[in-house]
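Asks: the following block contains a protein sequence and its predicted model.
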2 protein chains.
Amino acid sequence: PGAVESKCTVDNGKAMRCWKDEEEVYFPTSYLKKRFDMTGKLGKDGSTFELYTSYAKMRTPESTYEPLGPFGHFATYSVETRDRVRCISAKTNVPMSTQWDPTPYYYPIQIAQYGLQHYSRIKIGLFTNSSLKIQYFSLDSNSNKTEDKREVLVGVKSNEWKGAAGMHETTERLFFNDEEKGKVVNISAGCLLIFIIKIIDDSFSDALANAGAYVYLDKSPDLHVVSFDWKPYDGNASFTVLAKMKQDDLLVLINYVFSEGNGKCVWQEEERSYDDDTIVQKPKKDGQVSYSYSYTGSSQYGEWSNVTRDILVDVSRALSSGDNRKKDDNVILHPGDIRLVSLGFRGQLTVRQQINQRVEQHSHAFRSAADWMIQNQDKKGGWAVPVERSIADRKLVLEPGWHSAMAQGHGISVLTRAYKHFNDTKYLLSAMKALELFKTNSSEGGVRAEFFGNVWYEEYPTTPGSFVLNGFLYSLIGLYDLSKLEVPVAEIDENIRMKIKEAQQLYSAGIRSLKQLLPLYDTGSGTIYDLRHVALGTAPNLARWDYHAVHVYLLKWISGIENDEFLSKTADRWIGYAYGKRAKHN
Amino acid sequence: PGAVESKCTVDNGKAMRCWKDEEEVYFPTSYLKKRFDMTGKLGKDGSTFELYTSYAKMRTPESTYEPLGPFGHFATYSVETRDRVRCISAKTNVPMSTQWDPTPYYYPIQIAQYGLQHYSRIKIGLFTNSSLKIQYFSLDSNSNKTEDKREVLVGVKSNEWKGAAGMHETTERLFFNDEEKGKVVNISAGCLLIFIIKIIDDSFSDALANAGAYVYLDKSPDLHVVSFDWKPYDGNASFTVLAKMKQDDLLVLINYVFSEGNGKCVWQEEERSYDDDTIVQKPKKDGQVSYSYSYTGSSQYGEWSNVTRDILVDVSRALSSGDNRKKDDNVILHPGDIRLVSLGFRGQLTVRQQINQRVEQHSHAFRSAADWMIQNQDKKGGWAVPVERSIADRKLVLEPGWHSAMAQGHGISVLTRAYKHFNDTKYLLSAMKALELFKTNSSEGGVRAEFFGNVWYEEYPTTPGSFVLNGFLYSLIGLYDLSKLEVPVAEIDENIRMKIKEAQQLYSAGIRSLKQLLPLYDTGSGTIYDLRHVALGTAPNLARWDYHAVHVYLLKWISGIENDEFLSKTADRWIGYAYGKRAKHN
Ligand SMILES: [Ca+2]
Ligand SMILES: [Ca+2]
């Protein structure tokens, strides 16, 4: 008994093709997908067709949260490969965003998440992801597979330092002993590559033609982090990492230059068109391509500073930096996708004869984020967002310079960890200052709002309030982190005592609100992202499934802290929604 | 190109049959119905299969509401045929409910709706429904089709009054002229039928054997309302209407007796079983069946009172009165389904020689409801519900004697109309008293609650609050009705002035709350019935589609009064939900 073609309509709409057998009528999957936002795909064994209510997996925390432990599942985050992250700034070593403005800017929440991601990886011992570990031990079968292979030193011997063709060995590449750094090499030659010279054979020599001096790097594909100390004497100093793409042998030059780069944090080197005097982007011809990162270092000219860069990340951000790039153009590279070739220097500078190559830079990234928080905290104790943010069709607009409870909370989560990890009180003092905005109303530049008398900490402190759930929950975690901080008794003063108590009170007030208002986010078949619709009188802003998953995760996180059955049961019900279990009707 | 059978799963659930053609996979309608509460049916021309999001039609008011006009679309209500309505009491002429208790009780909201239904029919001129009108003019082709056929008088001539066999013509059926009522007949014979005697031919004579006196009624199937004045002298007086079912010629005797009927308002006559001394219900044998209504009249023995009964309704409630009846056993009769045969009297009584037969009794029903409201208003100005009401799995329980804002509002809507319709100030005074409970909190026996500081009038004044939307909206209409009441200037005193102003303030406060809280009932694909889940921390209590339709209708009703775009747009969006238009996700 087969099926016969049949015509169907839904809600008096246009007809669609259906099939009808002896029992009933069958509706097309395309209708279900469109109407109910479902996802359909062939089952694993190919014999069944599977329909899913939610495309996002509902995860819950693996263990009870510890304030100084990993931050949720952030160890699995990869802030640096998000399409809206333009680059990891070579000036500050933290991410820059282009989410709401085409000119890269510092987004405090993203920076804090970058720090928490790397901190969590330290805590979990996940220095690299597991697929990478496998690659590491299989790709380079000749190499030594012991732990010390996670880090190598190059350039220690003076004969590793090659000069460009025609370079004067002694005057332009001078080896000596520095009081502070020991063995160093002084370089005083080379100029920045603007035109890349056609490569002749596989020797890379032409690509390095303009380097003052260079060293070949270790070929292990996992050792993609490069770190060294140098002392540039003026703005002409620069360095270049040459990497080779495994897929197509493309050579990628990443230049780090003292330049503001017109506000771009990474850009492709341009060549002047002789025809019309306009600047055109250099195509990927000749098997090589060149990008520059804006670099200024953390110190004055003539002073030592450390450089630590994850070249894998820098290459992926460079390759994703086209001017008219779309979301799909985001290039994500995995360890093994590139191999480092060399590190070259130009201009007037001194380099320590110890180039470090590593598999990761978690501690450096974490410290960079924490330091950014300290250096960019304003008088209000906040981390201002420098771009306008508008939501709800511009019904709610935040002018540049707004603060976010999520940034404040994340900031505190970074800083309390940095305080203990680096054992430096400056981080604690900064975390304490971050509380201030929690006590200031949105209308006065703070992040505090009320929903019918219930206090709320606003991710987007609009007027009227928007009451974004996930940002609020993250802000509570930050307050919790500070409220639980242990400080050596001898170091505790009245200010610390007061601020820790304040964090505790702000946290408790938030939890009370959460328990009151949580049901308002529940549609009986999913969740609502925020409560903007209450003040605006619009349709509820339903959370898409990945945000629904965030709601579930955060609720379980906090219900674990609070050991609260209502919160936990609500999260369980919300998990059910993602599997098609709807609330009953009357 | 045909379709091949295929296996499908949803959310990793159990496999179901699907069909697959060259383009995609097709899912069974049974899944869609179960999962999304949809309704499927064959299209009108039989060639298409139609799926519907909502089984309920979304109606909106036809015109702007007038406080003294029809009450919404209540003219189309039929309170008396609802399965939970046990009968229209023969004592009070208002409905009695068995919704929350098997013993029939007075439910003020239902009584008010009964009144408003009949008032609306008066205002709309819908004395009978349109299908009835057609039946009326087609069934009885020999009858006069003019307007006066809507009412006939029988029993005016003395020879219409038949005596039972063997009755003494003069002593037991005495015709004379009463000072007040004119021509009357005095009856002093007959006894109540307990055993119905087997009918021999089609003459009904045996069925009437025990009547003291009777008149044959008009045969027009539309004239199913019987009305007369009588003066019973003691509790043995009774009257019986004999009706015949069109479908199966079953004879139905409806007895109206001075009896409390063990708390039943209508019951089937029983016969004693000689075997075991238990009482068994008389089966529908012998082509006839007998029921009794508990009657006490509105006056003392020996005083005149009016009787007005809709026999069509009384027969349908009688036939639905089985002891173990289920919802499906509810018998709904339409004009034409029965024909009245006779009206008989027994015991010591006097009857006016003018039996009125009509097509409707709207004014009588409306006045009965309004009078019930006055006679049953308690000291607090409320109409208490005499049965327990529990909701949310008994998490919220109202003890017998609770008040409802919906009863108060509906009561006011009935009473303001009665005040103008019957031109009697007692109704206005009662309406004014009904305001009192709106100012008393639920916890103190009133109907006022607050949702995060927003005032609410509770259909079910539970603690914590339940915040049922539709009951609140109806209560606002009641307040509006009183706030807009016009009273002759000469009659206005300080009390009236104050109460009307109070109604206005209560209404305005309610509207403010409505505008604040309405978005909380919006799931983006439907509506929530109440806000019980907020305090209880449970899943939202989703409104089924017919309640969703009520929400839409009431919102449009009030948005029309308020001329408010937000309310109107919200209602429009809610209409969209019923046609599958969901709110967007972020
Ligand atoms: Ca967010
Ligand atoms: Ca209701």
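Replies: Nice, I can see it. Ligands and ions are numbered 1, 2, ... in the order given.

Asks: can you list the low-confidence ranges for the stretch 201-350 of chain A?
Replies: Scanning the stretch 201-350 of chain A for pLDDT under 70 picks out A:201-211, A:270-286, A:297-298, A:323-328.

Asks: can you pull out the strands in the stretch 351-500 of chain A?
Replies: With DSSP state E, counting those that start in this stretch, the ranges of strands along the stretch 351-500 of chain A come out as A:355-358, A:389-391, A:396-398, A:448-451, A:454-457.

Asks: give me whichever of those strands is most buried.
Replies: Of all those, strand A:454-457 carries the top mean neighbour count, a mean of 24, counting by mean count of other Cβ atoms under 10 Å in any protein chain shown. Placement of C-beta: from N, CA and C, glycine included.

Asks: give me the sheet partners of that one and which way each runs.
Replies: Looking at strand A:454-457 with DSSP bridges, its partner strands are strand A:448-451 (antiparallel).

Asks: for chain A, what lies in contact range of ligand 1?
Replies: A:470-471 (Cβ under 5 Å from the ion).

Asks: mind checking the end-to-end distance for stretch A:481-498?
Replies: From its first residue to its last, stretch A:481-498 covers 15 Å (Cα to Cα, to the nearest Å).

Asks: how about the strands in the stretch 1-150 of chain A?
Replies: Counting by DSSP E, counting those that start in this stretch, the stretch 1-150 of chain A has strands at residues A:4-10, A:16-20, A:25-28, A:39-42, A:48-52, A:85-88, A:95-97.

Asks: what residues does the helix or strand where A:Ser290 lies touch?
Replies: In the assignment (DSSP states H and E), A:Ser290 maps to strand A:288-294. Under the criterion Cβ atoms under 8 Å, 6 or more residues apart in numbering or on different chains, residues A:87, A:89-91, A:193, A:196, A:199, A:207, A:250-257, A:259-261, A:264-269, A:282, A:314, A:318-319, A:321 lie in contact with strand A:288-294.

Asks: just the buried residues from the residues you listed, in PyMOL please.
Replies: Remark: buried members of those, expressed as a PyMOL selection using 16 or more other Cβ atoms under 10 Å in any protein chain shown:
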select buried, chain A and resi 87+89+90+91+193+196+199+207+250+251+252+253+254+255+256+257+259+264+265+266+267+268+269+282+314+318+319+321
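
Asks: now, the contacts of strand A:288-294 that are in strands?
Replies: A:87, A:251-257, A:266-268 (DSSP state E).

Asks: pick out the most distant pair among those.
Replies: Greatest spacing in these, by Cβ to Cβ: A:Cys87 and A:Leu251 (19.8 Å).

Asks: and the strands of the stretch 351-500 of chain A as a markdown table, adding mean pLDDT?
Replies: Listed next are these as a markdown table, based on pLDDT from 0 to 100:
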| stretch | mean pLDDT |
| --- | --- |
| strand A:355-358 | 96 |
| strand A:389-391 | 94 |
| strand A:396-398 | 96 |
| strand A:448-451 | 98 |
| strand A:454-457 | 98 |
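
Asks: now do the contacts for the nearest residue to A:Ala418 once chain neighbours are set aside.
Replies: Using Cβ to Cβ, 6 or more residues apart in numbering or on different chains and skipping residues adjacent in sequence, the residue nearest A:Ala418 is A:Ala370, 3.6 Å away. By Cβ under 8 Å, 6+ apart, A:Ala370 lies in contact with A:115, A:414-415, A:417-418, A:422, A:427.

Asks: quick one: buried ones out of the residues you listed?
Replies: Counted by 16+ other Cβ under 10 Å, the contacts of A:Ala370 give A:115, A:414-415, A:417-418, A:427 as buried.

Asks: kindly indicate which of those lies nearest A:Tyr295.
Replies: Each of the buried ones among the contacts of A:Ala370 was checked against A:Tyr295 using Cβ to Cβ; the closest is A:Gly115, at 20.6 Å.

Asks: the closest one touches A:Ser368, doesn't it?
Replies: Yes - with contacts counted by Cβ atoms under 8 Å, A:Gly115 reaches A:Ser368, the gap being 7.5 Å.

Asks: list the residues that are in contact with both of the two.
Replies: Joint contacts of A:Gly115 and A:Ser368 (Cβ under 8 Å, 6+ apart) are A:Val94.

Asks: for chain A, longest helix please?
Replies: For chain A, the helix with the greatest residue count under DSSP state H is helix A:494-517.

Asks: average pLDDT across that one?
Replies: Across helix A:494-517, pLDDT averages out at 97.

Asks: and the residue in the stretch 51-200 of chain A positioned nearest to ligand 2, how many neighbours?
Replies: Nearest to ligand 2 in the stretch 51-200 of chain A, going by Cβ to the ion, is A:Thr53, at a distance of 31.2 Å. When neighbours are defined as other Cβ atoms under 10 Å in any protein chain shown, A:Thr53 has 21 of them.

Asks: which ones are touching it?
Replies: Neighbouring residues of A:Thr53 by Cβ under 8 Å, 6+ apart: A:36, A:38, A:577-580, B:10-11.

Asks: show me the residues you listed that map onto helices.
Replies: Using DSSP H, the contacts of A:Thr53 in helices are A:36, A:577-578.

Asks: could the residues you listed go into CSV alongside distance to B:Val534 and pLDDT?
Replies: Output for the ones in helices among the contacts of A:Thr53, formatted as CSV (distance: Cβ to Cβ, whole Å; pLDDT from 0 to 100):
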residue, distance to B:Val534, pLDDT
A:Phe36, 26, 92
A:Tyr577, 18, 97
A:Ala578, 22, 97
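
Asks: can you verify my assumption that A:His73 contacts A:Lys556?
Replies: No - at 11.1 Å, A:His73 does not count as touching A:Lys556 under the criterion of Cβ under 8 Å.

Asks: ok, back up a step: okay if I get the strands of the stretch 1-150 of chain A as CSV plus mean pLDDT?
Replies: CSV is the format used below for the strands of the stretch 1-150 of chain A (pLDDT from 0 to 100):
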stretch, mean pLDDT
strand A:4-10, 93
strand A:16-20, 95
strand A:25-28, 96
strand A:39-42, 91
strand A:48-52, 94
strand A:85-88, 94
strand A:95-97, 96
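
Asks: can you redo these as a markdown table, where the extra columns are distance to B:Tyr119?
Replies: Formatted as a markdown table, the strands of the stretch 1-150 of chain A follow (distance: least, Cβ to Cβ, whole Å):
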| stretch | distance to B:Tyr119 |
| --- | --- |
| strand A:4-10 | 40 |
| strand A:16-20 | 47 |
| strand A:25-28 | 46 |
| strand A:39-42 | 54 |
| strand A:48-52 | 52 |
| strand A:85-88 | 68 |
| strand A:95-97 | 65 |
